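Chemist: please work out how this folds:
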Amino acid sequence: MGLRHLALFLHLTGVVFWVGGIVFIRACLASSALTGAQWARTLARFFPLAWVSIAFITLSGAFALLDTGHARAPLGWLLMAVTGSLMIAVFISLRLGPWRDLLAALAAGAPARARAEAALRNIGRYLDIVLALAALTATAATFGLGL
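Modeler: Sure thing, here's the model as predicted:
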């Protein structure tokens with residue numbers, strides 16, 4: 001097994017944990033009756049896993065591009081790098097915006113309940129955008145190889 005295989009393993013493992021975690025949150029937990037505080041605890045446990053996964057994806061993707069060379073890389077890889085970078089940017093924006101809003105609203109207590117609910121809706125929207133970009137990224141990664 002060479003470094004290319006290790007990089008591919010880390011890349012796919014990162015994608016499975018990050019995107020799979022988002023799918024679980026949106027498909028399974030979104031319809032549950034979690035309180036704002038329970039959502040905050042759940043997301044606080046998910047974020048470290050997501051950041052490690054993003055690091056695996058970024059580092060392994062960069063390795064593959066550098067090892068192959070941008071000029072020789074399939075167009076699908078370059079498209080995947082663009083859409084994947086957008087996913088990361090949206091996820092960072094979620095962490096710096098709605099996540100902070102949720103924590104601030106929860107710290108303010110009952111009077112800020114509406115703000116907490118709005119922050120949770122915004123978090124859901126950001127996660128939906130990440131999932132839509134993930135679908136584009138998967139399309140680029142597979143069908144883009146034929147371009």
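
Chemist: next SSE downstream of the longest helix along the chain?
Modeler: In the chain, with assignment by DSSP state H, the single longest helix is helix 36-68. Counting by DSSP states H and E, the next helix or strand C-terminal to helix 36-68 is helix 75-96.

Chemist: what residues sit buried inside that following helix?
Modeler: Of all the residues in helix 75-96, those buried under the rule 16 or more other CB atoms under 10 Å are 76-77, 79-81, 83-84, 86-88, 90-91, 94-95. C-beta coordinates here come from the backbone N, C-alpha and C atoms, glycine included.

Chemist: output these as TSV; include the columns distance to His70.
Modeler: Output for the buried residues of helix 75-96, formatted as TSV (distance: CB to CB, whole Å):
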residue	distance to His70
Gly76	13
Trp77	9
Leu79	13
Met80	13
Ala81	9
Thr83	16
Gly84	15
Leu86	18
Met87	20
Ile88	19
Val90	24
Phe91	24
Leu94	29
Arg95	29
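
Chemist: want to throw these into a markdown table with pLDDT and distance to Val15?
Modeler: Formatted as a markdown table, the buried residues of helix 75-96 follow (pLDDT from 0 to 100; distance: CB to CB, whole Å):
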| residue | pLDDT | distance to Val15 |
| --- | --- | --- |
| Gly76 | 90 | 15 |
| Trp77 | 90 | 14 |
| Leu79 | 92 | 15 |
| Met80 | 93 | 10 |
| Ala81 | 94 | 13 |
| Thr83 | 95 | 12 |
| Gly84 | 95 | 9 |
| Leu86 | 97 | 15 |
| Met87 | 97 | 10 |
| Ile88 | 97 | 12 |
| Val90 | 98 | 15 |
| Phe91 | 97 | 13 |
| Leu94 | 97 | 18 |
| Arg95 | 96 | 19 |
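
Chemist: of these, closest to Phe47?
Modeler: Arg95 (6.9 Å; CB to CB).

Chemist: gap between that closest one and Thr137?
Modeler: 19 Å (CB to CB, to the nearest Å).

Chemist: Ala119 too?
Modeler: Taken as CB to CB, the span from Ala119 to Thr137 is 26 Å.

Chemist: just Val23 next, same as before
Modeler: With CB to CB as the criterion, Val23 and Thr137 are 14 Å apart.

Chemist: pick out whichever of these two has more residues nearby.
Modeler: Thr137 (25 against 13; other CB atoms under 10 Å).
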